[in-house]
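Asks: pasting the sequence and the predicted model now:
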Amino acid sequence: MKKGIKRIVVGCAVSCLLLAASLHSAQAGTVKVGAIFAVTGPASFLGGPEARSAEMVVEKINKAGGINGDTIELIIKDSAGSSEKAVSFAKQLIEEEKVVAIIGPSTSGESMAVKKIAEEGKTVLISCAAAEVIVDPVASYVFKTPQKDSFAAQKIFEAMQRLKISTIAIAAGNDGFGKAGKDQLEKMAPTFGIKVAASETYDSKATDLSALVAKLKADAAIQAVINWSVVPAQAIIAKNMRQAGWQVPLFQSHGFGNIKYAEAAGAAAEGIIFPCGRLLVVDSLADTHPQKALLLQYKSDYEAKYKEDASAFGGYGYDAINMVAAAIKQGGNDRAGVRDAVEGLKKFTGVGGIFSFTPQDHNGLDIDSFAMLTVKDGKFIPYQGQ
Amino acid sequence: MSLDLFFQYLFAGITYGSIYAIVAIGFNIIYNATGIINFAQGEFVMLGGMISITLHQFMPLPYAIAGAVALTMVIGALIEILFIRWLESPSVMRMVIITIGISILLRESALHVWGESIRSLPYFYGNEITTFSLGSVHLSPQVLWVIAACALMVGGLSVFFKGTSWGREMRACAANRTAAILCGINTRNMVTLSFMLSAGIGALAGCVMSPITYTQYDSGTSLAIKGFTVAILGGLGNSMAAVAAGILLGILEAFSVSVVPLAFQDAISISILLIILFIKPHGLFGSSEAARLKDF
């Protein structure tokens, strides 16, 4: 009798194993997609939401049966914002993991370091960083999702022209983002007839900028300030300006695109003007706007899953993984096929805008991807000119 | 430079300086009791800010701050008991390395608990744009809270060290550990107490400065570097000197803005640290004879 039970148990176990094995082979396979994001470290405000958005999309795709029957395996590497780490992760993903595409990195410095590796490894890289040099000159395997710096600068200067502002001060953090923005602003200001009276760089980790504000305020000719930095300096400069009783308009970069920063600056954030994608003002978009349905979907999915406000930064990661998914669907589990499919994406609706890639343009967005926003009563609203 | 601008720089400098000074005082207390530099001091400041912000969701501000200070003191005590206390006659270098490890541990734990976003306490009085004017100089009321907290700590500490028996025992422990043991003082408890005290001071500093500087999981590191510079500048172990040195450094940094770009502010403070270490290694206000008797 005892022997009988044992036999049944063994039989069950064997059949279970066989069943598991057959189930496994029934799953057509997995497509590996790599991701390099600065989940920790100084750029974690970018990398965190980007990684979470990408994970969310992959989970959703796999739940719905994957792409062409294959499940996506997303391998996220945390670079902590370091270019050295990003480079070694990129090599690892391309050579060892044999991923079909890589999304990220989060920062411009890392993306530039990885650009050549992706090109040599013939693996698509969809960067989530802002700097234009990532896609200019164009490398055949390198794309990016965030809007260009120069579009942001152009939007700001156009708003200034409408306000009849002719003399400004620029303040920028001393990181890659701040430097690139400051160069861009200084280069473009003369074409809009705007004079840069002062241009200051500060430590991006600065805890108080009242001395800088005092210096700028002493020049009575300055009619507006553009600040180009990341948190927390962009909240600190707003507070210090208003505390000093200085009421000139404050413009910020598209780096201000998270409602938390407006909350951090509190009453001092009122009236800040900045360019940004439309995610933050989705409620005020017309129902016919081509992005509206997608933006609402992203916002509600993200906020339901992670219990935090969706930001434009998470959108960079969301767009990147969606592009890869669309490209795999078309090009299959093949690096060259995916590359051609990404370059062939036209009128692809994303959080950042409507992407139309061409062999010459690997960003695929136009200046309309930016809207000017302002802060009113602690909320982001579209900026209506005067 | 106009007079207005002069005073505006001066007050900006005093604000930075008071913040640096409070961090430096925390360094000094542990240095006095153990002879080591506790590189996790900046993390105590971060923890104070973070815990008070979390508690503030459930209780009024004064209780949240008191709770944060108490909790951080407990964390300080636990760290000493877990990592330092059981060491048999540890070398200074070993303890310093341990504190660096603790600072990384605390920072990474904070990242897991609070995430990477920046947070802050509300302004104690008014809001982000409230100012009061002294002539044509505009100041945030929070600056006064920082200066008051700094003054309160220095006053409180001098009463504690001179007027209470625990304070006297700690001083005895700092002056001569062997003699203190012979007098029946439990020097190990005194070291625990010094960690608690400096954790509490750091936490209070973290609370009062949070509305001005914001709190992030890694905001302790840069504060620790500035606080360390100030502690060295004033002469290690001397709290009053730390205040003077802190305000001096703050004012130098503020005025440097009018000459060099603000990005060089840190370069200035590090250069000052190097110059002091070369010329007067015992600090501006320290005595060279006393310094010679210390290990470090």
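Replies: Yep, that arrived.
Asks: list, one by one, the residues from chain A near chain B.
Replies: Residues of chain A found near chain B (CB under 8 Å from any CB of the partner chain) are A:40-42, A:44-45, A:48, A:174, A:200-203, A:205-212, A:214-215, A:218, A:231-232, A:235-236, A:238-239, A:242-245, A:260-261, A:264-269. For the C-beta atoms, the positions are set from N, CA and C on the backbone; glycine is no exception.
Asks: quick check: nearest residue in space to the residue positioned nearest the centre of chain A, chain neighbours excluded?
Replies: In chain A, the C-alpha nearest the mean C-alpha coordinate belongs to residue A:316, at 3.2 Å (CA atoms, centre = their mean). Of all residues not flanking residue A:316 in the chain, residue A:128 sits nearest, at 3.9 Å (CB to CB, 6 or more residues apart in numbering or on different chains).
Asks: return the residues in contact with the one you found.
Replies: Contacts for residue A:128 (CB atoms under 8 Å, 6 or more residues apart in numbering or on different chains) come out as A:37, A:46, A:50, A:103-106, A:144-146, A:313, A:316-317, A:320.
Asks: and the residues you listed, which is closest to chain B?
Replies: Nearest to chain B among the contacts of residue A:128, counting by CB to the nearest CB, is residue A:46 at 9.5 Å.
Asks: would you check that the closest one makes contact with residue A:36?
Replies: No. Applying CB atoms under 8 Å as the test, residue A:46 and residue A:36 come out as separate, 11.9 Å apart.
Asks: mind listing the shared neighbours of the two?
Replies: Counting by CB under 8 Å, 6+ apart, the residues touching both residue A:46 and residue A:36 are residue A:106.
Asks: do you have the helices of chain B handy? List them.
Replies: Applying DSSP state H to chain B gives helices spanning B:3-34, B:41-56, B:61-79, B:92-114, B:141-163, B:165-175, B:177-182, B:187-213, B:219-234, B:239-256, B:265-279, B:288-292.
Asks: to residue A:335, which of those lies closest?
Replies: Across the helices of chain B, residue A:335 has its closest neighbour in helix B:92-114 (34.5 Å, CB to CB).
Asks: local confidence estimate at residue A:22?
Replies: pLDDT for residue A:22: 44.
Asks: scratch that, residue B:204
Replies: Per-residue pLDDT puts residue B:204 at 94.
Asks: that one and chain A, how far apart?
Replies: To chain A, residue B:204 is 17 Å away according to CB to the nearest CB, to the nearest Å.
Asks: enumerate every residue touching that residue.
Replies: Contacts for residue B:204 (CB under 8 Å, 6+ apart) come out as B:22, B:48, B:65, B:69, B:149, B:153.
Asks: just those now: which is nearest chain A?
Replies: Chain A has its nearest neighbour among those in residue B:22, at 12.9 Å by CB to the nearest CB.
Asks: these two touch, right, that closest one and residue B:147?
Replies: No. Applying CB under 8 Å as the test, residue B:22 and residue B:147 come out as separate, 10.1 Å apart.
Asks: out of these two, which sits in the more crowded spot?
Replies: Between residue B:22 and residue B:147, residue B:22 has the larger neighbour count (other CB atoms under 10 Å in any protein chain shown), namely 28 against 19.
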